[in-house]
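*Asks:* coords below, sequence missing:
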């Protein structure tokens, strides 16, 4: 199961209390203070790690708690620190406050760490409070409370190119043909219920393409599954608009492109400034009917958008598509 958004409460461990204790030795008032310090409470640390691809491990953990520090003991013995909790997350995970969703940390690559909740400091024992006027202090400190954080963890896939299209445009077929990805493929809307990542190879080079589930008109307002997956487009450097160019398409090519670009613009206007390539699919079904695609080609030229025609199913022009993708990649 692919999980890309969870809400979790993190509670770090409390620090242990300091100890009040006295040595029992002759000629020393009350034996002298020897109370040890309390141990530190356990931290909760998130870290980005390869091999972790989803937030599913946190989906059913609404609460993550670290151990408390142990109280200090006599003979100046410091209590044991609470054990830290270390949780792996995928690269691309963003940590936000709940419920206002202000960004706290962005795991934009592997190998990063974030201290989600800091363990409380251990309290000092009475050894620390001895003075010339107080040789037998009974004062000690209680351990500090550990930090609490309720956070939204949101995964935004890290891919070079994002494949965008209306349902049944052929995105799943295309990514299965140009990469090793094996998504579910069928002839009904919303076949793709989770984003798919595929690694595309060309002339000993590679890049990652994300197949973003079908966007429809109104996606930025939550229609279809738009809000669930529009966030995954944010990190991509290149957008591939996949258009159903077959005569049987419900919406003609230019209106289709307008819908896709309008939804991206409503969601995040900066997305419309990304480098883009318009890819007309299913040209194997064209026959002699080329007018809609000729109009789309002219439209793309007027709006300075790259344009290419392919058939993912019949694998027509796919090498040319890879070549165009890697042209973008060379100028990343």
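*Replies:* All right, it came through fine. Predicted model, so just to flag it, every value in this text is computed and none were measured.

*Asks:* Distance-wise, check residue 94 relative to residue 210.
*Replies:* 16 Å (Cβ to Cβ, to the nearest Å). Where C-beta positions appear, they are placed from N, C-alpha and C, glycine not excepted.

*Asks:* Touching, residue 106 and residue 94? I think so.
*Replies:* Yes: counting by Cβ atoms under 8 Å, residue 106 does reach residue 94; the two are 5.1 Å apart.

*Asks:* When these two are compared, which one has more neighbours?
*Replies:* Taking neighbours as other Cβ atoms under 10 Å, residue 106 and residue 94 compare with residue 94 leading, 22 against 16.

*Asks:* Tell me the secondary structure at the more buried one.
*Replies:* strand (DSSP: H, G, I helix; E, B strand; the rest coil).

*Asks:* which residues does it bridge with?
*Replies:* Judged by DSSP bridges, the bridge partners of residue 94 are residue 106, residue 154.

*Asks:* just for the stretch 101-250 of the chain, where's the confidence low?
*Replies:* Along the stretch 101-250 of the chain, segments meeting pLDDT under 70 span 180-194, 214, 216-229.

*Asks:* show me where this structure has helices.
*Replies:* Ranges of helices in the chain, per DSSP state H, are 56-59, 171-178, 226-229, 253-267, 291-302, 318-330.

*Asks:* count of neighbours near residue 11?
*Replies:* 21.

*Asks:* do the same with the one 3 residues further on
*Replies:* For residue 14, the number of neighbouring residues by other Cβ under 10 Å comes to 25.

*Asks:* again with residue 24
*Replies:* Applying other Cβ under 10 Å, we find 11 residues neighbouring residue 24.

*Asks:* Find the residue closest to it in space, skipping its chain neighbours.
*Replies:* residue 31 (4.4 Å; Cβ to Cβ, 6 or more residues apart in numbering).

*Asks:* Show the contacting residues for residue 265.
*Replies:* If you count contacts by Cβ atoms under 8 Å, 6 or more residues apart in numbering, residue 265 has them with 271, 272.

*Asks:* What pLDDT is listed against it?
*Replies:* Residue 265 carries a pLDDT score of 90 in this model.

*Asks:* Quick check: it vs residue 258, distance?
*Replies:* 10 Å.

*Asks:* swap in residue 23?
*Replies:* 83 Å.

*Asks:* and if you look at residue 308?
*Replies:* Using Cβ to Cβ, residue 308 is found at 19 Å from residue 258.

*Asks:* if we can go back for a sec, to residue 164, which of the helices of the chain lies closest?
*Replies:* helix 253-267 (5.7 Å; Cβ to Cβ).

*Asks:* quick one, the closest one and helix 291-302 angle?
*Replies:* Angle, helix 253-267 to helix 291-302, by axes from the mean of the first three to the mean of the last three Cα atoms, to 10 degrees: 40 degrees.

*Asks:* roughly how far is helix 253-267 from the heart of the chain?
*Replies:* 25 Å (Cα atoms, centre = their mean, to the nearest Å).

*Asks:* quick one: buried residues of it?
*Replies:* In terms of neighbour count (16 or more other Cβ atoms under 10 Å), helix 253-267 has its buried residues at 253, 254, 256, 257, 259, 260, 261, 263, 264, 267.

*Asks:* okay, these in a markdown table with distance to residue 40 next?
*Replies:* Listed next are the buried residues of helix 253-267 as a markdown table, based on distance: Cβ to Cβ, whole Å:
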| residue | distance to residue 40 |
| --- | --- |
| 253 | 62 |
| 254 | 63 |
| 256 | 58 |
| 257 | 57 |
| 259 | 55 |
| 260 | 52 |
| 261 | 53 |
| 263 | 49 |
| 264 | 47 |
| 267 | 44 |
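
*Asks:* Lovely, talk soon.
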